[in-house]
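A.B. asks: What follows is a predicted structure for the sequence shown.
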Amino acid sequence: MLEVRQLQTFYGPSHVLQGVDLEVKDGQIAAVLGRNGVGKTTTVRSIMGLVPPRSGEVWIGGRNFAGEQPHVIARGGVAYVPEGRMIFADLTVIENIKVAERRPAKDWPLDRLLELFPSLANRRMHKGSQLSGGEQQMLAVARALVTDPALMLFDEPSQGLAPLVVRELAGVIQRLRDEGVSVLLVEQNLKLAEVVADEVYVMVKGRMVYQAPIARFKAEEEDVKARYLAL
Ligand SMILES: Nc1ncnc2c1ncn2[C@@H]1O[C@H](COP(=O)(O)OP(=O)(O)OP(=O)(O)O)[C@@H](O)[C@H]1O
Ligand SMILES: [Mg+2]
């Protein structure tokens, strides 16, 4: 579904992504773990075209999208759930979803989204600012889904959410996979990643330093945490 090869991204003189390689297989969930500031957000923003990578390849469905504009990449079937949710505070739940719908959704029309997210259905006329953190996160997911993506990029969706809400979010992400949506999940918090991921990557200083299927990651977890994720 997604294959990133040797991606290099700079902010001015600062060389942030130093050759990122990663893959999300069709219908699978890949998680990228890493401490503060290692380049997780820059990775998803580079894939989405929001920060132009200087070099490297971003293969999606047989086409290299590296260097393309975000709307071209979105049309290629990629949706992005940004860090901090970025919900429109003054728009209602329905309006937030509608503004993201570029053409009538086939896979995930509004009624199906409200069925998937009952808490949003109950608050459909509430403004973004009136929602809880968990509801805002679900709205951010709904807004991405209404574009009928084949691949969803999640940037730290569990941030600031209570454990119960994180569990609900895990259920939603698993449901997406069951429906055939591939997922790249970037997280600092292991809990969500551990529950949903098929493949685990660990990032340090702009590179992937570890990759394993979830079963092997679980066996090696303490060691991996101590080596790469400890504060
Ligand atoms: N717009 C920017 N301009 C300059 N430097 C930036 C910019 N955004 C991020 N950086 C720097 O790039 C590096 C990687 O940042 P990035 O946001 O990708 O990390 P992250 O892994 O997502 O961190 P976090 O866990 O805090 O979200 C950091 O050193 C950060 O300070
Ligand atoms: Mg980040």
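C.D. replies: Great, that's in hand. Ligands and ions are numbered 1, 2, ... in the order given.
A.B. asks: Count the residues that sit near whichever residue of the chain sits closest to ligand 2.
C.D. replies: Here the residue of the chain nearest ligand 2 is Thr41; by CB to the ion that distance is 3.1 Å. Where you see a C-beta, it was placed from the backbone N, CA and C, and this is true even at glycine. For Thr41, the count of nearby residues is 18 (other CB atoms under 10 Å).
A.B. asks: can you pull the contacts of it?
C.D. replies: By CB atoms under 8 Å, 6 or more residues apart in numbering, the contact list for Thr41 reads 83, 155-156, 186.
A.B. asks: can you rerun that using 10 Å?
C.D. replies: Thr41 makes contact with 16, 50-51, 82-84, 155-156, 186, according to CB atoms under 10 Å, 6 or more residues apart in numbering.
A.B. asks: Pick out whichever of those sits closest to Gly34.
C.D. replies: Nearest to Gly34 among those is Val186, at 7.9 Å by CB to CB.
A.B. asks: near ligand 1, which residues of the chain?
C.D. replies: Residues of the chain that fall close to ligand 1, judged by CB under 6 Å from any ligand atom: 11, 14, 16, 34, 36-42, 188.
A.B. asks: got these as JSON lines, with pLDDT, distance to His126 and secondary structure columns?
C.D. replies: Listed next are the residues of the chain next to ligand 1 as JSON lines, based on pLDDT from 0 to 100; distance: CB to CB, whole Å; DSSP: H, G, I helix; E, B strand; the rest coil:
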{"residue": "Tyr11", "pLDDT": "96", "distance to His126": "37", "secondary structure": "strand"}
{"residue": "Ser14", "pLDDT": "96", "distance to His126": "40", "secondary structure": "strand"}
{"residue": "Val16", "pLDDT": "97", "distance to His126": "37", "secondary structure": "strand"}
{"residue": "Gly34", "pLDDT": "96", "distance to His126": "35", "secondary structure": "coil"}
{"residue": "Asn36", "pLDDT": "93", "distance to His126": "33", "secondary structure": "coil"}
{"residue": "Gly37", "pLDDT": "95", "distance to His126": "35", "secondary structure": "coil"}
{"residue": "Val38", "pLDDT": "97", "distance to His126": "36", "secondary structure": "coil"}
{"residue": "Gly39", "pLDDT": "97", "distance to His126": "36", "secondary structure": "coil"}
{"residue": "Lys40", "pLDDT": "97", "distance to His126": "31", "secondary structure": "helix"}
{"residue": "Thr41", "pLDDT": "97", "distance to His126": "28", "secondary structure": "helix"}
{"residue": "Thr42", "pLDDT": "98", "distance to His126": "33", "secondary structure": "helix"}
{"residue": "Gln188", "pLDDT": "89", "distance to His126": "29", "secondary structure": "coil"}
